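Visitor: Have a look at this prediction, sequence included:
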Amino acid sequence: MTNSHFLPVTAFYRSMQMMSADEPAVARFASAQKESLKPPPASSIDTAVIDKSEFFARKPSAETGEGKSLSSNWVPTALKPVPAFYPLEKSSRLIEYDSPKEIAGRLSECLRTLSVHAVYDNDQASLLTAENVEMHLSLWQTPANRVPQGVVVEIQRRKGDSIAFHRYSGAILDAAVGENVYPSEELQDDIMYSKKVQRLISMEMNKNQDLMEHENAIVAIEIAHGLLMKDRMDARQLGLESLCLLTDPKKTGYITAVLTSHVVLLGSTQGVELPGIGHENELIVDEGPFQEIRERILGLVQFSQIGEDSHDEVDASPESEHITLLHNLALLVLANSLEVIENADQYDDEPEDTKPRGRLRTASSNDVANEFLQQTEDLSKKEMLSTLISELGKAQHKPHEATLSAKCLGSLLRASDEAKRRAQELEAKMVVTAALQVGTRTHLKLETECKKVAKALDHPVEDGDDGSED
């Protein structure tokens, strides 16, 4: 065995000998170490508590946006911890530094601004949008052994269009963390229609590119009629969604919206003078399908029934839920149609253009509104105004339908003094005031439409003839 194996041990002993030779230096080093480890005197310690949360960016909880104070409709008490083995949805956020009450206040205000109907139950909320998207909102407390601590906000889609759900969930989660508590008007006003309907209408329009706009409009209306007359509920829904598109001037042309609106309100296109289609400038078509469209719309709006089907089923049944959806769509079609007739000149792309196409001419909005109310009462033996006022009275439980009813009511009151007089007789002002209170607390669109109706009711009625007769 060689001496190389003992070299490390030898080096160790040599170092120890050198340290023992300089014992005073080693003692001084050890003494300095002990002094450094001693705690400082109590008088020299800064007793101020450092708030670590101040070093993190955080939105103010009391006021957001333009200094608006948040008044919450949701006051959760005790939050449940996230259950073990519970897979959180991707549409969820962890919020560390805000209390459940602050988070709930922001969420409540965001849902009001988005006009989402919310039913709160401590740490949960059931949500329903105007597009019939059902969501479930939950607040969870993180487990005690998890770092960081905080509140988890989770949204689940239960029913409805997935694209609309992602748009809403993104806005709601942003509001939960304090960003965009008041969403943009673009998100509030955009109405989602079925992609199937848009593809169906565009395909038919592309097949008839050589036709004039009014001819394409008649083709589209006939497609909607064919869908409405089918026995399947999904086909009827597509038919109503088609009419929603055709009565929206922002989605279709001006002429198409006016023609479809007359079909919905009067079951006819008579009285609509189109440029360049003959000496009398009137459409000559079979108006039997137009009458059937109007009957279906009136049946759904006034009686929540379509054809021979009635709304006598149990409320929880799928068919009853579908009838409720069809009723909502029919109200939207009616609201769009009345708005088009009321503001026909505003939707004309070229109102001063008389060459070469000339201008579309229609009866006055006053005449159309009065005729619509009279024909509706003759056909269904029930006043449309009383139906709309009754629907508005259900604002607490059905705010989306109440919003559309208020929109219809406002258009009729602004167009016809006779309708305004009748609404005053039906004590509409009291119902509007109650619905306005609901809208102010929970539903921005309902609040907006109720204010318009209240303004129309407060406007004085002109004495004498309102122009309905020559």
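Guide: In hand now; what should we look at?
Visitor: how near is Ser416 to Glu134?
Guide: Distance, Ser416 to Glu134, using C-beta to C-beta, to the nearest Å: 37 Å. Placement of C-beta: from N, CA and C, glycine included.
Visitor: And those two? Which one has more around it.
Guide: Ser416 (25 against 14; other C-beta atoms under 10 Å).
Visitor: if I pick the closest residue in space to the more buried one that isn't next to it in sequence, what's in contact with it?
Guide: Nearest non-adjacent residue to Ser416, counting by C-beta to C-beta, 6 or more residues apart in numbering: Ala369, 4.2 Å away. By C-beta atoms under 8 Å, 6 or more residues apart in numbering, the contact set of Ala369 is 338, 341-342, 411-412, 415-416, 419.
Visitor: Next: Ala118.
Guide: So Ala118 contacts 73-74, 108, 111, 125-127, 137, 442 (C-beta under 8 Å, 6+ apart).
Visitor: Which stretches in the stretch 151-300 of the chain count as helices?
Guide: 162-176, 185-189, 195-207, 213-228, 233-246, 254-266, 288-303 (DSSP state H, counting those that start in this stretch).
Visitor: Same question for the stretch 1-150 of the chain.
Guide: 7-21, 23-37, 100-114.
Visitor: Mind checking the pLDDT average for the last one?
Guide: Helix 100-114 shows an average pLDDT of 94 in the prediction.
Visitor: buried set for that helix?
Guide: Within helix 100-114, the residues that count as buried by 16 or more other C-beta atoms under 10 Å are 100, 102-114.
Visitor: contacts for it?
Guide: Against helix 100-114 from outside (C-beta under 8 Å, 6+ apart): 61, 64, 70-76, 79, 95, 118, 120, 123, 125, 127, 129, 137, 139, 141, 151, 153, 168, 171-172, 175-176, 178, 180-183, 187-188, 441-444.
Visitor: Of the helices of the stretch 151-300 of the chain, which is nearest Glu383?
Guide: helix 288-303 (9.1 Å; C-beta to C-beta).
Visitor: Now the element after that closest one, going C-ward?
Guide: With elements assigned by DSSP states H and E, the helix or strand that comes after helix 288-303 is helix 318-342.
Visitor: tell me which residues of that following helix are tucked away?
Guide: Neighbour-count burial for helix 318-342 [16+ other C-beta under 10 Å]: 322-324, 326-342.
Visitor: List the residues that contact Thr440.
Guide: Glu447.
Visitor: so which helix or strand takes in it?
Guide: helix 428-442.
Visitor: for this protein, what helix or strand is lowest in average pLDDT?
Guide: Taking mean pLDDT, DSSP states H and E as the measure, the helix or strand of the chain with the lowest value is strand 63-64, at a mean of 40.
Visitor: mind listing what's buried in stretch 135-149?
Guide: Those would be 135, 137-142, for stretch 135-149 by 16+ other C-beta under 10 Å.
Visitor: Filter these down to just the ones in strands.
Guide: With DSSP state E as the criterion, strands contain 135, 137-141 from among those.
Visitor: re the thing from before, wait, which of the contacts of Ala118 is closest to Ala220?
Guide: Leu127 (33.3 Å).
Visitor: For the closest residue in space to the closest one that isn't next to it in sequence, name its beta-bridge partners.
Guide: Nearest non-adjacent residue to Leu127, counting by C-beta to C-beta, 6+ apart: Met135, 4.2 Å away. Counting by DSSP bridges, Met135 forms beta bridges with Leu127, Arg157.
Visitor: just Tyr120 next, same as before
Guide: Beta-bridge partners of Tyr120, as defined by DSSP bridges: Ala125.
Visitor: from memory it sits against Asn73, does it?
Guide: Yes: between Tyr120 and Asn73 there is a contact under C-beta atoms under 8 Å: 6.6 Å.
Visitor: which one of those two has more residues nearby?
Guide: Set side by side, Tyr120 and Asn73 show more neighbours around Tyr120, with 19 against 16, by other C-beta under 10 Å.
Visitor: Just list the residues touching the more buried one, thanks.
Guide: 73-74, 108.
Visitor: ditto for Val264
Guide: Val264 touches 243, 247, 293-294, 297, 333-334, 337, counting by C-beta under 8 Å, 6+ apart.
Visitor: out of the residues you listed, what pair is the most spread apart?
Guide: Most distant of the contacts of Val264, by C-beta to C-beta, are Thr247 and Arg294, 12.7 Å apart.
Visitor: Give me the more crowded residue out of those two.
Guide: Thr247 (28 against 22).
Visitor: backbone phi and psi for the more buried one, please?
Guide: phi -100, psi 10 (degrees, to the nearest 10).
Visitor: residue contacts, it?
Guide: So Thr247 contacts 257, 260-261, 264, 333, 336-337, 340 (C-beta under 8 Å, 6+ apart).
Visitor: Quick check: pLDDT value at it.
Guide: Value for Thr247, per-residue pLDDT: 95.
Visitor: quick check: mean pLDDT across stretch 296-303?
Guide: Averaging pLDDT along stretch 296-303 gives 95.
Visitor: List the contacts of it.
Guide: Under C-beta under 8 Å, 6+ apart, the answer for stretch 296-303 is 228-229, 240, 243, 264, 305-307, 310-311, 326-327, 329-331, 333-334, 376, 379-380, 382, 384, 387.
Visitor: ok, 6 Å please
Guide: With C-beta atoms under 6 Å, 6 or more residues apart in numbering as the contact definition, stretch 296-303 has outside contacts at 228, 264, 305-306, 326-327, 330-331, 333-334, 380, 382, 387.
Visitor: Also stretch 147-165?
Guide: Taking C-beta under 6 Å, 6+ apart as the rule, stretch 147-165 contacts 88-89, 91-96, 100, 103, 131-140, 142, 169, 176, 192.
Visitor: Stretch 336-346 too?
Guide: The contact list for stretch 336-346, computed with C-beta under 6 Å, 6+ apart, reads 247-248, 257, 261, 264-265, 351, 362, 365, 368, 408, 411, 415.
Visitor: Just the buried residues of these.
Guide: By 16+ other C-beta under 10 Å, the contacts of stretch 336-346 give 247-248, 257, 261, 264-265, 362, 365, 368, 408, 411, 415 as buried.
Visitor: Nearest to Ala428, out of the residues you listed: which one, please.
Guide: Looking across the buried ones among the contacts of stretch 336-346 and measuring by C-beta to C-beta, the closest to Ala428 is Cys408, at 12.3 Å.
Visitor: What separation do you get for the closest one and Ser162?
Guide: From Cys408 to Ser162 the distance is 30 Å (C-beta to C-beta).
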